[in-house]
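S.K.: only the shape, not the letters, is given here:
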């Protein structure tokens, strides 16, 4: 298996992240959402390399097959881990694709490391620009929501993860965008993660302000979000990210849930290929949004 050393813990043990590296061509790096692993990208990993792309997906520290250190679950460290992946593999002209909390890695990397090696970025169901409701962020999500998540994770993580998995895909009594087998697989992947990492990441994605980070993005950008996302509401995230990046291409998937990389996998692959291979045409200032 492939591992990259990204640091050492307090005891001097190596901290390593596991990665998959498939295909040849222009590099695309996929950064998964919480609380899963790089296996979230199974469908994209199976298709994108067929189109002359080198596709890399790695497990965030604390998740999947990566090391599970006690600490380091903050966005400065996550961005540094991403830098280690890009540097170690010596990738150039990279398209970064961040899903959900992975969008935070994209934003923080672009500001903290000056966007080195990156030519395009994609935000999928991303948590940017700032989720937490505060006095200067009145359109955010109430902090009690995140406190409740952490309380339930601490009390009964298995129960929380099973319930969250249904919300992730917008599962209802009649509307079932994914199979029970998909939910079962996601639960197994999420439960294999470090409990400390799972809880600490809630604090990280809830309380990290990416507004200044977005201002440092000066490369072609694609934003995709479902307007039925109940996990990261579009009004608190993609709408505001698009406003902060007025030259970005912004696509809204009508009726799509948070986990659209699975539930809308064919559309996601098509839109990613179009953006990566053909580039983004210069858009008119804010207001022109694609709906389909």
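M.R.: On my side now, so go ahead. Just so it is clear, the model here is predicted, and its values are computed rather than measured.
S.K.: okay, CA-based contacts and neighbour counts for the rest of this
M.R.: OK.
S.K.: can you list phi and psi of residue 37 for me?
M.R.: Note on residue 37: its backbone torsions stand at phi -140, psi -170 [degrees, to the nearest 10].
S.K.: tell me, how many residues neighbour it?
M.R.: By other C-alpha atoms under 10 Å, 26 other residues sit near residue 37.
S.K.: wait, it touches residue 61, no?
M.R.: No. In this structure residue 37 lies outside contact range of residue 61 using C-alpha atoms under 8 Å: 9.7 Å.
S.K.: what sits in contact with each of these two?
M.R.: Here residue 37 and residue 61 share no contacting residue, scored by C-alpha atoms under 8 Å, 6 or more residues apart in numbering.
S.K.: okay, helices next: where are they in the chain?
M.R.: 42-47, 75-88, 102-112, 143-168, 180-191, 195-207, 211-214, 238-244, 260-263, 265-278 (DSSP state H).
S.K.: for these, which one ends up most surrounded?
M.R.: The highest mean neighbour count among the helices of the chain, using mean count of other C-alpha atoms under 10 Å, belongs to helix 102-112: a mean of 26.
S.K.: relative to helix 75-88, how tilted is that helix?
M.R.: When axes from the mean of the first three to the mean of the last three C-alpha atoms, to 10 degrees is applied, the directions of helix 102-112 and helix 75-88 differ by 80 degrees.
S.K.: quote the end-to-end distance of stretch 112-125.
M.R.: Its first and final residues considered, stretch 112-125 spans 22 Å by C-alpha to C-alpha, to the nearest Å.
S.K.: got the buried residues for it?
M.R.: 112, 115, 116, 117, 118, 119, 120, 121, 122, 123, 124, 125 (16 or more other C-alpha atoms under 10 Å).
S.K.: can you lay out the residues you listed as TSV showing pLDDT and distance to residue 43?
M.R.: Formatted as TSV, the buried residues of stretch 112-125 follow (pLDDT from 0 to 100; distance: C-alpha to C-alpha, whole Å):
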residue	pLDDT	distance to residue 43
112	98	30
115	98	27
116	98	28
117	98	25
118	98	23
119	98	23
120	98	21
121	98	19
122	98	17
123	98	18
124	98	15
125	98	17
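S.K.: which of those lies closest to residue 277?
M.R.: Lowest distance from residue 277 to these (C-alpha to C-alpha) belongs to residue 120, with 10.7 Å.
S.K.: what sits against the closest residue to that closest one other than its chain neighbours?
M.R.: Among residues not flanking residue 120 along the chain, residue 95 sits closest, at 4.6 Å (C-alpha to C-alpha, 6 or more residues apart in numbering). Contact analysis of residue 95 by C-alpha under 8 Å, 6+ apart lists 27, 28, 29, 118, 119, 120, 121, 122, 276.
S.K.: can you pull the contacts of the second one?
M.R.: Each residue near residue 28 by C-alpha under 8 Å, 6+ apart is listed here: 53, 54, 55, 56, 94, 95, 96, 97.
S.K.: give me the number of residues near the fourth one?
M.R.: Applying other C-alpha under 10 Å, we find 22 residues neighbouring residue 56.
S.K.: any idea what residue 98 is bridged to?
M.R.: Assessed by DSSP bridges, residue 98 has beta-bridge partners residue 31, residue 123.
S.K.: my read is that it contacts residue 120, right?
M.R.: No. Taking C-alpha under 8 Å as the definition, residue 98 is not a contact partner of residue 120, at 11.4 Å.
S.K.: closest to residue 226 out of the contacts of residue 95?
M.R.: For the contacts of residue 95, the nearest to residue 226 is residue 122 (14.4 Å; C-alpha to C-alpha).
S.K.: tally of neighbours for the nearest residue to residue 126 once chain neighbours are set aside?
M.R.: Leaving aside its chain neighbours, residue 126 sits nearest to residue 100 (3.9 Å; criterion: C-alpha to C-alpha, 6+ apart). Residues lying near residue 100 (other C-alpha under 10 Å) number 25.
S.K.: just checking, residue 100 touches residue 127?
M.R.: Yes. Contact status for residue 100 versus residue 127: in contact at 5.4 Å, counting by C-alpha under 8 Å.
S.K.: now for the two: what residues contact both?
M.R.: Common neighbours of residue 100 and residue 127 (C-alpha under 8 Å, 6+ apart) are residue 232.
S.K.: residue 241 - nearest residue in space that isn't next to it in sequence?
M.R.: residue 129 (5.7 Å).
S.K.: now residue 142
M.R.: residue 133 (5.2 Å).
S.K.: quick one: the one you found from residue 33, how far?
M.R.: 21 Å.
S.K.: for residue 160, same thing?
M.R.: Residue 160 is 16 Å from residue 33, by C-alpha to C-alpha.
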